[in-house]
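**Student:** My questions are about this predicted structure, shown below with the sequence.
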Amino acid sequence: MRVLVTGGTGFTGSHAVRRYLSRGHQVRVLDNKKGAFYDELVSAGAEIQLGSVADRVAVRRAVEGVEIVQHIAAAFREINVADSVYKTVNVDGTRIVAEEALAARVRRVVYCSTEGVHGHVVHPPGTEDSPIAPEDYYQQTKWEGEQAFHEVLAKGLDGVVLRPTGIYGPGDPARFLMLFRMVKRGRFFIVGNGTACYHPVYIDNLCDAFELAADKPEAKGDTFLIADARYLTWNELVPMVARALGVDVKIHYLPLRPVWLVAAACEAVCWPLGITPPLFRRRAEMFSHMRAFDIGKARRVLGYDPKISLEDGLSRTAAWYRQHGYL
């Protein structure tokens with residue numbers, strides 16, 4: 001079949017593209033730039049169309065003759081980007097993809113949202129019915145994107161919403177790379193006491209969910225949290241990363257309030273000057289916010305079963321970082 005992957009040259013999207021190509025499907029990609037994996041995917045047989053999901057003409061051309069759409073493209077916490085960009089891509093772009101897919105009679109659209117729409121989980125583990133409490137503009141626009149998506153579902157689109165947790169794996173250029181680099185130094189600073197939970201999802205497990213969400217008739221119109229089998233505290237995660245790297249690490253604890261105030265001051269000074277702050281409030285808060293979820297619904301309805309363990313996923317990720325000179 002022919003599959004469209006929006007945002008297909010980035011980290012998450014490129015893995016989805018590779019998965020479908022490995023199944024023998026024809027894969028078309030719509031992306032607004034030549035991401036890190038552009039040349040590799042072209043060589044592998046992907047058809048790549050450069051354009052924005054907010055460009056209706058580009059989207060209309062991209063969905064033509066397509067059976068499945070994996071809508072992964074997003075504006076994701078980019079530096080010095082206006083709020084209007086997040087709304088244009090994450091909200092307007094999602095509505096356009098959904099509307100054009102409906103007009104083209106696409107069999108199913110899978111929208112990749114985020115667990116971040118739930119914000120801090122007050123009563124862990126969270127479920128799909130946990131309160132919606134986005135904590136930044138990115139998360140807010142992903143939630144508004146879900147609402148836009150549901151508006152088109154009500155008009156007849158066959159679609160599914162996935163809310164992945166913290167995605168990591170080979171090719172991840174940001175989140176876990178920073179974590180690995182900090183651990184590799186042998187000293188890791190946690191803001192708070194390290195007992196808040198983080199819930200990762202290995203990229204291959206997420207790609208399993210993408211395929212299942214596209215194929216299961218009973219998933220139509222529904223929403224699913226997608227994560228690895230377990231969540232863990234920062235006090236547990238950091239030593240596991242150290243073991244994957246084969247290093248020793250000592251954890252140092254910093255009080256939240258003073259670090260938060262310093263981060264706020266850094267942002268206040270740096271943003272107006274167009275400088276990336278050395279410390280973000282979001283980074284300081286990361287260690288105190290609860291991210292722990294129940295994936296029982298995805299298991300029951302989709303048949304989702306995260307096959308790659310955290311230990312294996314961390315080892316594979318560490319090996320990729322080393323092979324490509326990131327560590």
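**Tutor:** Sure thing, it's come through.
**Student:** Any idea how far apart the tips of stretch 16-32 sit?
**Tutor:** By Cα to Cα, to the nearest Å, the extent of stretch 16-32 from end to end equals 17 Å.
**Student:** Quick one: mean pLDDT over it.
**Tutor:** The pLDDT scores in stretch 16-32 average 98.
**Student:** Quick check: buried residues in that stretch?
**Tutor:** 16-21, 26-32 (16 or more other Cβ atoms under 10 Å). For every residue, glycine as well, the C-beta is placed using N, CA and C.
**Student:** Any idea what residue 110 is bridged to?
**Tutor:** residue 70, residue 160 (DSSP bridges).
**Student:** quick one: contacts for the nearest residue to residue 98 once chain neighbours are set aside?
**Tutor:** Closest residue to residue 98 apart from its sequence neighbours, by Cβ to Cβ, 6 or more residues apart in numbering: residue 152 at 3.7 Å. Residue 152 makes contact with 95, 98, 99, 102, 159, according to Cβ atoms under 8 Å, 6 or more residues apart in numbering.
**Student:** In strands, which of those residues appear?
**Tutor:** residue 159 (DSSP state E).
**Student:** so can I have TSV of the contacts of residue 152 showing distance to residue 312 and pLDDT?
**Tutor:** Formatted as TSV, the contacts of residue 152 follow (distance: Cβ to Cβ, whole Å; pLDDT from 0 to 100):
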residue	distance to residue 312	pLDDT
95	38	98
98	35	98
99	40	98
102	39	98
159	32	98
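**Student:** Most neighbours out of the contacts of residue 152, which is it?
**Tutor:** Sorting these by how many neighbours each has (other Cβ atoms under 10 Å) puts residue 98 first, at 26 neighbours.
**Student:** Doesn't residue 48 belong to a helix?
**Tutor:** No: per DSSP: H, G, I helix; E, B strand; the rest coil, residue 48 lies outside any helix segment and is strand.
**Student:** which ones are touching it?
**Tutor:** 8, 9, 28, 29, 31, 38, 41, 42.
**Student:** low pLDDT regions in the stretch 51-200 of the chain?
**Tutor:** By pLDDT under 70, the weakly predicted segments of the stretch 51-200 of the chain are 77-80.
**Student:** Do a quick rundown of the helices in it.
**Tutor:** For the stretch 51-200 of the chain, applying DSSP state H, counting those that start in this stretch gives helices covering 56-63, 83-86, 93-103, 137-153, 175-184.
**Student:** same check, this time on the stretch 201-327 of the chain
**Tutor:** Going by DSSP H, counting those that start in this stretch, the stretch 201-327 of the chain shows helices at 203-215, 234-245, 256-270, 281-286, 296-297, 310-323.
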